[in-house]
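[1] structure for this input, please:
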Amino acid sequence: MSGGEGTRYRQAVEFLYSLRLFGAKFGLEKTLRLAALAGNPHERLRFIHVAGTNGKGSTCAMLENIYRHAGLRVGLFTSPHLVSFRERIQVNRQLIPEADVVRLVGELQPLLAQFQAQQHPTFFEVVTVMALHWFAEQRCELVVWETGLGGRLDATNIVTPLASVITNIGFDHQQWLGDTLPKIAAEKAGIIKPGVPVLTATDSREALEVIQTTAQRLDSPLVVVSSSHLLPLTTHLALPGTHQQSNAALAVATVETLRNVIPVGNEVIRAGLSTVQWTGRLQTVRTPRQQFILDGAHNVPGCDALARALPQVADGRKPALLLGMLADKDCAAMCGRLAPLVDRIALVPVASGRTSRPEDLKPACLAANPTATVTLHANAHEGLQSLASEPLVLVTGSLYLVGEALERLGVSTTSSDERGLNEWR
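    Numbers count the residues shown, from 1 in each chain. Okay, the predicted model is just below:
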């Protein structure tokens, strides 16, 4: 990329940064209006809409890979990104080019000028419409469409999909979604549309009751995915961990449900599952002297899944732990799940204004594992340096921290600092 093109891309990223000033606001009115000004691109597309507490991204990756193996041109919309903003908007797993980010930002700016300041679309609302515009331009035959937060009032919920998918229901983002599983389930179930099939793998009885009631009210056929969907199609799943088996079962059930709309054979499903890749989820990275396991577990259910999977991924070895997390999580419970897995813990802040302080995490780690060696560090770089002699290092607690580690290990790079775009004020 030439210097001029690089400058224009950095300017586009700066404009996206400026949108964070509008915070995170729930409701569909602004997104619908912006989409209408952009020509309602979503009306020219087909979607599978995916919500849930954990496993959304992995399930989306599996669905995308299966349908791409079936020969479709597939759009993929996910969040947050780990390193590059462009990860959020992909076609056939190719990141949206920097030049098209520049162009689309330029095309949307005159539309955004038509909004009063108090009604200005947020960063996520603008990116949602940008993605719709790009997918329509690219003539995607299917878009795998992940919610940002919740579902009912999430900007992604302006679409009517072929199927609505709810991975599971657990405690996360309680300040936004509610403090009980039924309340959280009601927000996630907000993506269910009249007559549109809905699939879920949630194992919470009270959450499932909410989903069932919503589906019945809207006359939406409901498929509750269980272990019967696990074999034989999910036998050769590329992503490790028993929790990924559940996500794979949900993806398979979705493909089977939609076979009358998009025919896909079992061999294609097997090929999609056996080759799927999803960065930062029990991902192994090797350097000449060390091995790293990077996992974006960022809430208690995610930490539980990581704890179950770690013996398999680490081949029975006990890793050292680089740990950082956001303060709005259940940090004490997360430390309680993770600290007993290791003997050495390096605590670091996450590159976010919402980070937990390492000194606040240390008591919870020692309470869960009194014999652990726990050290505090100013940032991820210093934390990684402190673990330089450890043969195996687990990096977890936040997708933000995983993204920073991927950059520092040279696995993922971008031409500008874009991880901060995950932040809202």
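[2] which element, helix or strand, includes residue 64?
    Here residue 64 is covered by helix 56-69, with elements defined by DSSP states H and E.
[3] so which elements touch whichever helix or strand comes after that helix?
    Helices and strands here follow DSSP H and E; after helix 56-69, the next one along the chain is strand 74-77. With contacts defined as 3 or more Cβ pairs under 8 Å, 6 or more residues apart in numbering; DSSP states H and E, the secondary structure elements packing on strand 74-77 are helix 56-69, strand 89-91, helix 123-137, strand 142-146. (C-beta placed from N, C-alpha, C; glycine too.)
[4] redo the ones you listed as a markdown table? Include mean neighbour count.
    Formatted as a markdown table, the helices and strands packed on strand 74-77 follow (neighbours: other Cβ atoms under 10 Å):
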| stretch | mean neighbour count |
| --- | --- |
| helix 56-69 | 26 |
| strand 89-91 | 22 |
| helix 123-137 | 24 |
| strand 142-146 | 26 |
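[5] in CSV, list the ones you listed along with distance to residue 394.
    Rendered in CSV, the data for these read as follows (distance: least, Cβ to Cβ, whole Å):
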stretch, distance to residue 394
helix 56-69, 18
strand 89-91, 27
helix 123-137, 30
strand 142-146, 25
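[6] save those as JSON lines, and put in mean pLDDT and distance to residue 32 too.
    Listed next are the helices and strands packed on strand 74-77 as JSON lines, based on pLDDT from 0 to 100; distance: least, Cβ to Cβ, whole Å:
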{"stretch": "helix 56-69", "mean pLDDT": "97", "distance to residue 32": "23"}
{"stretch": "strand 89-91", "mean pLDDT": "98", "distance to residue 32": "20"}
{"stretch": "helix 123-137", "mean pLDDT": "97", "distance to residue 32": "10"}
{"stretch": "strand 142-146", "mean pLDDT": "98", "distance to residue 32": "16"}
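[7] out of those, which gets nearest to residue 12?
    When the helices and strands packed on strand 74-77 are compared for distance to residue 12 using Cβ to Cβ, the nearest one is helix 123-137, at 10.4 Å.
[8] show the end-to-end separation of stretch 136-152, please.
    24 Å (Cα to Cα, to the nearest Å).
[9] how far off centre is that stretch?
    Taking the mean of its C-alpha atoms, stretch 136-152 sits 13 Å from the chain's own mean (Cα atoms, centre = their mean, to the nearest Å).
[10] same check, this time on stretch 65-75
    Average the C-alpha atoms of stretch 65-75, do the same for its chain, and the two points are 19 Å apart (Cα atoms, centre = their mean).
[11] about what we covered before: compare the helices and strands packed on strand 74-77 and give me the one nearest residue 277.
    Of the helices and strands packed on strand 74-77, nearest to residue 277 by Cβ to Cβ is helix 56-69, at 7.1 Å.
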